[in-house]
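[1] I would like the atomic coordinates for the input below:
(chains A and B)
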Amino acid sequence: MPDRGRRASYDGVVACVPVTIPYRRYSINDAHWWMGRALRELLKQAGVTSGEIDGLTVSSFTVGPDTAIGLTQHFGLSPRWLDHIPLGGASGIVALRRAARAVQAGDATLVACVAADTNHVDSFRKTLSNFSRFAQDAVYPYGAGGANASFAMIAKNYMKMYGATREDFGKVCIAQRRNAMRNPHALLRGELTLEAYLAARVISDPIHLYDCVMPCAGAEAFLVCRAETAAALKLSGVRILSTIERHNAFADDPIQHRGGWAQDSGELWSLAGVTPDQADFLQTYDDYPVISMMQFEDLGFCRKGEAKDFVRAHDLTIDGGFPHNTSGGQLSAGQAGAAGGFLGLVEALRQLLGSAGPTQVRDAKIGVVSGFGMVNYDRGLASCAAVLATN
Amino acid sequence: MTAPRQKPPRKDPLARTRQPLHPPATRSRTAHGLTAAAAEGAFRLQVCAECATVVYPPRDACPKCLSPRLPFRPVSSDGELIVETTIAVSSEPYFRERMPWRIGTVRLDCGPLVVAHVHGDVREGERVRLSLKLDVSGSAVVFALPIEEAPNMADDRQLTQMTSDPKFRRVLITDGRTAVGQVMAKAFSKAGAAIVFVGIRDMWKPFAGMDELKSIEHVEIVPLDLTDDRSVIDLAGQNGARVDIIVNTAEHVRPGGIIGGRSLTVAREEMEIRFHGLLRLAQAFGPVLRSRGADGASSATAFVNLLSVHALMNWPEFGGYSATEAACLSAAQCLRAELRSGNVRVVNVFAGPLETEWFQVVPPPKLSPSALAAAVIAALRDGTEDVYVGDVAQDVRARLAVNPKALERELAS
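    Take a look at the predicted model:
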């Protein structure tokens, strides 16, 4: 294998202007409408005109038949750098790292990273049935249980391998609900008790109702630029200490029990120059609590198989010892399609900019975000992570 | 262990007949390699022609060596059910009314990981064998079965969604005057059919085997002449909604080619009985069959065509007959597309010459009518839709797959 060389740092690049368009369970509007709102809010908060946006990334499941190129005309933008990032739960971090390199190299100055999805009453079923060729050929005709059935098998196998219990998953979900109760925009804000969690109806064993996200409509966005651009625009930014991205890792594991983070987390921390215990919060991709627990392990917050002990030993709420998914995550805030892949990152930017309001973690200086996505056949293929810090 | 299926209760005549729903049918062109195997009851997966990797789900390039040469080949179907789940919530209406539904991941001994429907007798961690089935959408799915035959295995709730078991069903055999019609009636009676309607034209005219036919349990003789519009319509009007499986046993075998002194009258007769007879049958019974594809546990389920394997390639010695059979095959393909929306499977059973009167001068091997009947029952139980019965049919099938042009010359010599 050729020498990979030393990775360049992201010095001099910042992410700023976290934007969330409050989610709705169902929307009669198209994804374009949600994306347009996010862009408008982004421009407004940044104090720039659309002519000044010269880079754009978009992520969406429901914006079809359009891709990024069509959206430039739709939104009246004329970027000199454009990327379509259909990576689901990995979209946010992947957008961040690509945009960061573009501005670092001077290919773009001001990159808008946007994710939006709508949720019509029947869009979830349509997304499932057309998700991928393998899904169409080899998963969806098998009971059409969607991601729930695929993750049921992953969760069941994980429980068997490592001894995690439904109570452990429940603890993750309940802590996130606690956090969501402080987030006025979360869709699910009612108190969740362990009894209610355990008594919830089964969806695909061992996945029960509160292990699942609620599909919804929404949009998320942020800006990436050089620190001096941000300064000129009087925008506060967040530094990118390190990122990783990996696809189709550990293809020989019969059932997924780890993600690509396990392959790359060493590089994540060494490039960042910090250690996991220095992180003030963690935003994982929580399509199911078992996946969050895998991220605790594979990112190095605990050893493999010990996320159950970690969960038992830590308070995962905003004011606890290990603040996790501080906005309530997708499990409580809702999953707005590909915007779900931006949710943790945008919340992390707010945390590090000190603008998270009711969900603010006190003195948050270093934050970790991870992404996961795209169940193409039997497992999530994409994994990524970023370590961020206050400027 | 699977509980034996019980005789379904009589239908409440006031209850609405449920509309047939379908599991997702869309597949990539490559994935229909599985459909081709399932149609014949074979188990074939892609095997890389360059590095021998067994590939699943179907791909257009080998994930090990990127070779585009990935033919479907017979491979071992044995493996282990490494994890399973029972789905309680589905987004497809077809599955919603069949919840809960078990699926699992099977690691095949030959390599790939396969998400499959799981038989009720199989537990997580156990050895299984995979079988390719056609679900009612007509596309192939993988089914994980117990490694050993178990009692009442075929009665598994999920498996029966992919088969057309004649047990407790009502069958129409269209011509009981023939040897094939008579053994077919016997075979369906033995297979547990609730009623075996047997069509007889010109009831007043006695025929060989009549008394024995009448004495078969569950047999009900009905007047039916496939060459008479009125007769077919009348029977459909009277009993159409009570027929779950149709087996068209009408035959008209005459030797001779196109120009060898054979009159057009013979050709017309052949077409009248076989081709137009099939159309009459389909037009009269098709609509009600199609509307009853979800009519409880004994829903309408299959339309069986007995075809000469020479429908696939003309046999000049019986050239006019072969041409008629080819017309019937083409009509059956159309019928298959039209009945699929009603979850009714069109089963084409191809045979070579039979041990019957009109093949008297043809040398062996010839197929006995009872072997043909057994093959029909097996096809319905297994859920296959293209069946090649006996040595001649298998031989023609194999030669056709390798070199159709050579077969054309061979049949002419």
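
[2] Around chain B, pick out the residues from chain A.
    A:124-125, A:128-129, A:133-134, A:136-146, A:148-149, A:152-153, A:156-157, A:160, A:201-207, A:251, A:254-255, A:377-378 (Cβ under 8 Å from any Cβ of the partner chain). To be clear about C-beta, it is placed using only N, CA and C from the backbone, and glycine gets the same treatment.

[3] What about these, which are in strands?
    Judged by DSSP state E, these include A:202, A:203, A:204, A:207 as members of strands.

[4] Format those residues as CSV; extra columns: pLDDT and neighbour count.
    As requested, those are exported to CSV (pLDDT from 0 to 100; neighbours: other Cβ atoms under 10 Å in any protein chain shown):
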residue, pLDDT, neighbour count
A:202, 98, 17
A:203, 97, 23
A:204, 97, 30
A:207, 98, 31
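
[5] tell me which helix or strand of chain A sits lowest on mean pLDDT?
    helix A:123-129 (a mean of 75; mean pLDDT, DSSP states H and E).

[6] Tell me where the model's unsure across chain A.
    Residue ranges of chain A with pLDDT under 70: A:1-4.

[7] and the closest residue to residue B:386 other than its chain neighbours, which of the three is it?
    Of all residues not flanking residue B:386 in the chain, residue B:39 sits nearest, at 4.6 Å (Cβ to Cβ, 6 or more residues apart in numbering or on different chains). What DSSP: H, G, I helix; E, B strand; the rest coil gives for residue B:39 is helix.

[8] Wait, residue B:39 touches residue B:383, no?
    No - using Cβ atoms under 8 Å as the test, residue B:39 is too far from residue B:383 to be in contact (9.7 Å).

[9] So which residues on the stretch 1-150 of chain B come close to chain A?
    So the stretch 1-150 of chain B meets chain A at B:23-28, B:30-31, B:56-58, B:63, B:82-92, B:94-95, B:101-105, B:107, B:113-117, B:135, B:137, B:139, B:141 (Cβ under 8 Å from any Cβ).

[10] For residue 135, which residues are in contact?
    No chain in the question, so chain A it is. A:128, A:129, A:375, A:376, A:377 (Cβ atoms under 8 Å, 6 or more residues apart in numbering or on different chains).

[11] was after chain B, sorry
    A:141, B:23, B:141, B:161, B:162.

[12] tally of neighbours for the residue nearest to the first one when sequence neighbours are not counted?
    In this structure, residue A:141 finds its nearest non-sequential neighbour in residue B:24, 4.8 Å apart by Cβ to Cβ, 6+ apart. With neighbours defined by other Cβ atoms under 10 Å in any protein chain shown, the count for residue B:24 comes to 22.

[13] ok, now residue B:190?
    Residue neighbour count, defined by other Cβ under 10 Å, stands at 15 for residue B:190.

[14] Now the phi/psi pair for it, please.
    For residue B:190, the backbone dihedrals are phi -70, psi -30 (criterion: degrees, to the nearest 10).

[15] Could you pull out the strands in the stretch 101-250 of chain B for me?
    Taking DSSP state E, counting those that start in this stretch to define them, one finds strands in the stretch 101-250 of chain B at B:101-108, B:113-118, B:127-134, B:140-146, B:170-173, B:195-200, B:219-223, B:245-248.

[16] what do you get for the stretch 201-350 of chain A?
    Under DSSP E, counting those that start in this stretch, the stretch 201-350 of chain A gives strands at A:202-204, A:207-208, A:217-226, A:237-247, A:281-283.

[17] which of those is buried the deepest?
    Ranked by mean neighbour count, these are led by strand A:217-226 with a mean of 29 (mean count of other Cβ atoms under 10 Å in any protein chain shown).

[18] Any chance you could list what contacts stretch A:139-149?
    So stretch A:139-149 is contacted by A:124, A:128-129, A:131, A:150, A:152, A:203-204, A:207, A:212, A:287, A:375, A:377-378, B:23-25, B:85, B:87, B:89-92, B:94-95, B:101-103, B:115-117, B:135, B:137, B:139, B:141 (Cβ under 8 Å, 6+ apart).

[19] Quick one: buried ones out of those residues?
    Buried subset of those (neighbour count, 16 or more other Cβ atoms under 10 Å in any protein chain shown): A:124, A:128-129, A:131, A:150, A:152, A:203-204, A:207, A:212, A:287, A:375, A:377-378, B:23-24, B:85, B:87, B:89-92, B:94-95, B:101-103, B:115-117, B:135, B:137, B:139, B:141.

[20] Residue A:383: what secondary structure?
    strand.

[21] for it, what are its contacts?
    A:90, A:245, A:246, A:247, A:249, A:259, A:260, A:261, A:298, A:370, A:371, A:372.

[22] Cross the residues you listed against helices and list the overlap.
    Counted as lying in helices by DSSP state H, out of these, are A:261, A:298.

[23] so who does the residue in the stretch 151-300 of chain B that chain A sits nearest to touch?
    Residue nearest to chain A within the stretch 151-300 of chain B: residue B:158 (9.2 Å; Cβ to the nearest Cβ). Neighbour list for residue B:158: B:98, B:101, B:102, B:117, B:118, B:119, B:120, B:143 [criterion: Cβ under 8 Å, 6+ apart].
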